[in-house]
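In: My questions concern the predicted model and sequence given below.
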Amino acid sequence: MTGSTGVEGLHYNLDPGRLVVSTAGRDRGKFYLVLEECPDSKVKVVDGEVRKVVSPKIKNRKHLKAYPDVSLEIGERVRAGLKVTDLNVRRSLEEFIANYT
């Protein structure tokens with residue numbers, strides 16, 4: 001996993017495992033990990049609690065702020081076609097969120 005601060009003004013690809021925060025909607029301020037990109041500028045995001053891997057939230061990418069952090073474990077599992085569990089997601093999110101709160 002990687003980590004860094006100073007994200008203002010930077011743009012990151014929304015690759016699987018990327019840490020994002022919702023900037024619009026009822027979930028504004030909520031952290032997620034990207035599960036996959038969809039057509040039409042949509043992104044599937046998960047938090048491992050409310051939005052589980054089996055029912056990810058679909059957000060418009062313009063309503064997400066990306067951070068430099070990427071869960072290598074989640075990204076590699078998605079790219080390899082392996083199962084991603086909610087526990088994997090929660091553990092990665094807990095590590096990342098501790099850096100920003």
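Out: That came through fine. Numbering: from 1, shown residues only.
In: list the buried ones in stretch 68-81?
Out: Using 16 or more other Cβ atoms under 10 Å as the test for burial, stretch 68-81 gives Asp69, Val70, Ser71, Ile74, Gly75, Arg77, Val78. Yep, even glycine has a C-beta here, placed from its N, CA and C like the rest.
In: From those, pick the one nearest Asn13.
Out: Taking Cβ to Cβ as the measure, Val70 is the one of those closest to Asn13, at 9.3 Å.
In: So Phe96 lies in a helix, does it not?
Out: Yes. Assessed by DSSP: H, G, I helix; E, B strand; the rest coil, Phe96 belongs to a helix.
In: Just to check, it is in contact with Asp69?
Out: Yes. Phe96 lies in contact with Asp69 (Cβ atoms under 8 Å); the separation is 4.8 Å.
In: now Gly48, what's its secondary structure?
Out: coil.
In: Actually, Asp40.
Out: coil.
In: What is the burial count for Arg61?
Out: Using other Cβ atoms under 10 Å, Arg61 has 16 neighbouring residues.
In: His11 too?
Out: Residues within reach of His11, counting by other Cβ under 10 Å, total 7.
In: ok, it touching Ala66?
Out: Yes. Taking Cβ under 8 Å as the definition, His11 is a contact partner of Ala66 at 7.2 Å.
In: Do me a favour and get the end-to-end distance for stretch 11-31?
Out: Separation of the first and last residues of stretch 11-31 by Cα to Cα, to the nearest Å is 17 Å.
In: Now tell me what touches it from outside.
Out: 32-37, 43, 45, 47, 57, 59, 61, 63-76, 78-79, 92-93, 96-97, 100 (Cβ atoms under 8 Å, 6 or more residues apart in numbering).
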